[in-house]
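**Q** here are the coordinates; sequence isn't available:
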């Protein structure tokens, strides 16, 4: 209720089209521009200060008052004059999406303020309807401040909105906007068609000027569609018309903005790929990149080889000055560490490497000897078989009695090797000597571990050499025994001459 006790009423109807067209004089364009910019700034400031009467839209692709004001400040064009999309409009909405005029609103034609005028009408109407609804139902106090830092009450703000509605529907102001919209339609739609005909040679410049002057005659200009009369419509209907008008424009701008973002990400990815390589970006590297990486790895391996001590058999081909400079650079870039621990660690790694090589070579040689002995035991030499066939029946029993001796001898020869194989197999799961040093510091434990590894390697090498020597000696003895047996049997059967041709005859 108002102070007099009467309920608050809604805004009056908008000025009709007949009244506007009958108005003889129109307000100056600069005065209308200044007023529209001033009202827009006041409404946006109130929306930014309080959300009691609706929050300001944050969607940049929605034709709200804030967005249209920003587009006018940035120099964007309107899709087309009026709110009705005409099929004969040469300025397509999608083509207007990327056109930008002079940024300053005061130097632009008044026809560019048309859409902002519609948005002002919708905002004033919507805010006033919300206020009187709360005041009439007692939801708010008329004497309450509009927002904490404001100096005006809600009742004053309601009266201010009603006053602005009256000014916005002033016939002279609306008449100026209507004329500006008609001029924009003539200049933008019809005059562009004349310019295209002049460019194509269909008409001359004189004919185009005559036709343009005819368009501005009173009878022709009055038939042009002008300002849309939406003042008596609901605020939601006005916003819906603006949404339909800017739908294609915002769609084109959104696609262009998304494309720009994708291109920026693509450039950033390309720069990142060129800086750290395609493998770090999750892509398969090219041939050039792989060659560069191989070259870098080779240089790193060479640097690592140059830093190894000479006791490990690595000689640096570089000069002493380069090695000193490289060592100084590495020491300056890396934290200080205990180099004695590094040397112990290198000795430990080297000991493990020698132990692994020794164990693998020992296993290979043992398996090879074992297979040779098995083959020799299962398959006697051809000379022995021929000698056995050449013996007479009287000596065949003696020769047969020698066979178990050779077999037992072969078994005695192969048994140590089998035991050696069994010993190596048992060593397969052995990871070296026991390395438990209770009560010792980590540094002492590492020293003792290296010492034991070296001693264990020396002992393993001596055992391996001793076993190999014994195996060779036994193999030689077995071969000599086989030859002596064959020679003895051949000598005892000398009365039966042997066939030297090898055909088995007597």
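**A** Yep, it's here. Just so you know, these numbers come straight off a predicted model, no measurement behind them. Residues are numbered from 1 along each chain as shown.

**Q** so who does residue 295 touch?
**A** Applying CB atoms under 8 Å, 6 or more residues apart in numbering to residue 295 gives no contacts. From N, CA and C alone the C-beta is placed, and that goes for glycine too.

**Q** skipping adjacent residues, who's closest to residue 204 in space?
**A** residue 198 (7.2 Å; CB to CB, 6 or more residues apart in numbering).

**Q** let me know whether the one you found touches residue 208 as I believe.
**A** Yes. At 5.1 Å, residue 198 counts as touching residue 208 under the criterion of CB atoms under 8 Å.

**Q** now do the same contact list for the residue nearest to residue 204.
**A** Going by CB under 8 Å, 6+ apart, residue 198 touches 204-205, 208.

**Q** now with 10 Å, please.
**A** Residue 198 is in contact with 204-205, 207-209, counting by CB atoms under 10 Å, 6 or more residues apart in numbering.

**Q** which SSE is it in?
**A** helix 191-200 (DSSP states H and E).

**Q** ok, then the element right after that helix?
**A** Following helix 191-200 in sequence, per DSSP H and E, is helix 205-215.

**Q** what's the angle from that following helix to helix 191-200?
**A** Helix 205-215 runs at 170 degrees relative to helix 191-200, counting by axes from the mean of the first three to the mean of the last three CA atoms, to 10 degrees.

**Q** in helix 205-215, which residues are buried?
**A** 208, 215 (16 or more other CB atoms under 10 Å).

**Q** now for that helix, which elements pack on it?
**A** Contacts defined by 3 or more CB pairs under 10 Å, 6 or more residues apart in numbering; DSSP states H and E place helix 205-215 against helix 171-185, helix 191-200, helix 218-222.

**Q** can you tell me which of those is packed in deepest?
**A** helix 171-185 (a mean of 22; mean count of other CB atoms under 10 Å).

**Q** mean confidence for stretch 74-84?
**A** Mean per-residue pLDDT for stretch 74-84: 78.

**Q** grab the nearest non-local neighbour of residue 134.
**A** Leaving aside its sequence neighbours, residue 134 sits nearest to residue 140 (CB to CB, 6+ apart; 4.6 Å).

**Q** okay, helices next: where are they in the stretch 51-200 of the chain?
**A** 65-74, 93-96, 114-136, 154-168, 171-185, 191-200 (DSSP state H, counting those that start in this stretch).

**Q** now those in TSV, please, with extra columns for distance to residue 350.
**A** Putting these into TSV (distance: least, CB to CB, whole Å) gives the following:
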stretch	distance to residue 350
helix 65-74	73
helix 93-96	75
helix 114-136	83
helix 154-168	89
helix 171-185	89
helix 191-200	87
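
**Q** let me know which of these is the nearest to residue 32.
**A** helix 171-185 (5.0 Å; CB to CB).

**Q** domain ranges for this structure, per the record?
**A** 17-262, 285-315, 343-492 (automatic domain parsing).

**Q** weakest of these by average pLDDT?
**A** domain 343-492 (a mean of 59).

**Q** residue 111 against residue 185, yeah?
**A** Yes. Counting by CB atoms under 10 Å, residue 185 is a contact partner of residue 111 at 8.2 Å.

**Q** what sits in contact with each of the two?
**A** Residues touching both residue 111 and residue 185 (CB under 10 Å, 6+ apart): 81-82, 226.

**Q** between those, which is closest to residue 357?
**A** residue 81 (91.0 Å).

**Q** what about residue 187, distance to residue 109?
**A** Per CB to CB, to the nearest Å, residue 187 is found 8 Å from residue 109.

**Q** which neighbours do those two have in common?
**A** Counting by CB under 10 Å, 6+ apart, nothing touches both residue 187 and residue 109.

**Q** kindly reformat the helices and strands packed on helix 205-215 as TSV containing distance to residue 162.
**A** As requested, the helices and strands packed on helix 205-215 are arranged in TSV below (distance: least, CB to CB, whole Å):
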stretch	distance to residue 162
helix 171-185	16
helix 191-200	41
helix 218-222	32
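
**Q** quick one, which of those helices gets closest to residue 73.
**A** Of the helices and strands packed on helix 205-215, nearest to residue 73 by CB to CB is helix 171-185, at 18.5 Å.

**Q** and that closest one, what does it pack against?
**A** Helix 171-185 packs on helix 17-22, helix 29-49, helix 114-136, helix 154-168, helix 205-215, helix 218-222, going by 3+ CB pairs under 10 Å, 6+ apart.

**Q** in stretch 8-21, what's buried?
**A** Applying 16+ other CB under 10 Å to stretch 8-21 flags 8, 11, 14-15, 20 as buried.

**Q** who's in contact with the residue nearest to residue 19 when sequence neighbours are not counted?
**A** Closest residue in space to residue 19, ignoring its immediate chain neighbours: residue 171 at 5.4 Å, by CB to CB, 6+ apart. By CB under 10 Å, 6+ apart, residue 171 lies in contact with 15-16, 19-27, 178.

**Q** got it, and residue 114?
**A** Neighbour list for residue 114: 68, 78, 81-83, 177-178, 180-181, 184, 226-228 [criterion: CB under 10 Å, 6+ apart].

**Q** number of residues surrounding the closest residue to residue 17 other than its chain neighbours?
**A** Excluding the flanking residues, the one nearest residue 17 by CB to CB, 6+ apart is residue 229, at 5.1 Å. Neighbours of residue 229 under the rule other CB atoms under 10 Å: 15.

**Q** equivalent analysis for residue 75, please.
**A** The number of residues packed near residue 75 is 15, by other CB under 10 Å.

**Q** how near is it to residue 131?
**A** On the measure of CB to CB, residue 75 and residue 131 end up 34 Å apart.

**Q** same thing with residue 8?
**A** Counting by CB to CB, the gap from residue 8 to residue 131 is 8 Å.

**Q** any common contacting residues for the two?
**A** Common neighbours of residue 8 and residue 131, using CB under 10 Å, 6+ apart, are 142, 155, 158, 162.

**Q** of all the residues you listed, which comes closest to residue 466?
**A** Nearest to residue 466 among the shared contacts of residue 8 and residue 131, counting by CB to CB, is residue 158 at 113.9 Å.

**Q** in contact with that closest one, which residues?
**A** Going by CB under 10 Å, 6+ apart, residue 158 touches 2, 8, 127-128, 131-132, 134-135, 142, 146.

**Q** and the residues you listed, which are buried?
**A** Among the contacts of residue 158, the ones that count as buried by 16+ other CB under 10 Å are 8, 127-128, 131-132, 134-135, 142, 146.

**Q** for these, which one is nearest residue 360?
**A** Closest to residue 360, out of all of the buried ones among the contacts of residue 158 and judged by CB to CB, is residue 127, at 89.7 Å.

**Q** hmm, residue 161 and that closest one touching each other?
**A** Yes. If you go by CB under 10 Å, residue 127 and residue 161 touch, sitting 6.1 Å apart.
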